[in-house]
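# just the structure for this:
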Amino acid sequence: MKKNSQIRVYRGIAIALISFCVLMVGFKLAVTSAISFGGDFFNFWQAGRALILRGVSPYDPSTTASIQQGIYGRLAKPSEDQLKYVYPPFALLVILPSVSMTYAWAQAYWMAFNLVSIFIALLVIKKRPPLWLLASLLFFYPVSRTVILGPFDLVLGASLIIAYGLLNNGKLPSPS
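This is a model prediction of the structure:
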């Protein structure tokens, strides 16, 4: 009996998170699709597109030129940030689902992915967090800033919180 109720809880959480993602993507596209946020994410997205769709290195000057064209609308001046992709290639793994999308869709995916990651991290560390905590999380400056700009900070932070929660609860998951 306890196992069935636990499955229902996890199913409810999964449905809520999927619904949240769908609503987030729809809201982002409907309200802000003409406005481009996430300059940090744009670098990763362009580098991922270059690598996966064109077979070009993310460190290639042509990739840097496409990033500069997308951010500045022109090539960068020597005195400006050159916007080169300087991260390791494995950093592109988490954005792979978005490289075939348009930037508006990719950005909506990334925002929803970040928010779901931090919500899951909270659920791992505290099984039943108060609703006010979940609702106010969006208004916590580091979280909202990271969701808007799109760097990897939130995903990394959520991963660390999940690891801490799993190690701290005394019950490690099975090796599988």
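# contacts and neighbour counts: CA atoms only from here.
Will do.
# how near is Lys84 to Ser62?
10 Å (CA to CA, to the nearest Å).
# swap that for Ser19, sorry
For Ser19, the distance to Ser62 - CA to CA - is 38 Å.
# repeat for Val99
Per CA to CA, Val99 is found 17 Å from Ser62.
# flag the shaky bits of the protein, pLDDT-wise.
Judged by pLDDT under 70, the chain has its weakly predicted residues at 1-2, 21, 24-38, 170-176.
# which of Lys84 and Ser62 has more neighbours?
Lys84 (19 against 13; other CA atoms under 10 Å).
# gap between stretch 6-16 and the chain center?
Between the centre of stretch 6-16 and the centre of its chain there are 22 Å (CA atoms, centre = their mean, to the nearest Å).
# swap in stretch 45-60?
Relative to its chain's centre, stretch 45-60 lies at 19 Å (CA atoms, centre = their mean).
# list the buried residues of that stretch.
By 16 or more other CA atoms under 10 Å, the buried positions in stretch 45-60 come out as 45-52, 56-59.
# now do the end-to-end distance for that stretch.
Stretch 45-60 has its terminal residues 14 Å apart, counting by CA to CA.
# got the contact list for it?
With contact meaning CA atoms under 8 Å, 6 or more residues apart in numbering, stretch 45-60 is reached by 63-64, 66-67, 84-86, 89, 92, 95-96, 98-100, 103, 106.
# same thing but 10 Å
Stretch 45-60 has contacts (CA atoms under 10 Å, 6 or more residues apart in numbering) with 39, 41-44, 62-64, 66-67, 70, 84-89, 91-103, 106-107, 110.
# just to revisit the earlier point, among the buried residues of stretch 45-60, which are in strands?
Judged by DSSP state E, strands contain none of the buried residues of stretch 45-60.
# reformat the residues you listed as TSV; add distance to Ala163.
Output for the buried residues of stretch 45-60, formatted as TSV (distance: CA to CA, whole Å):
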residue	distance to Ala163
Trp45	27
Gln46	30
Ala47	28
Gly48	27
Arg49	30
Ala50	32
Leu51	30
Ile52	30
Val56	34
Ser57	32
Pro58	30
Tyr59	31
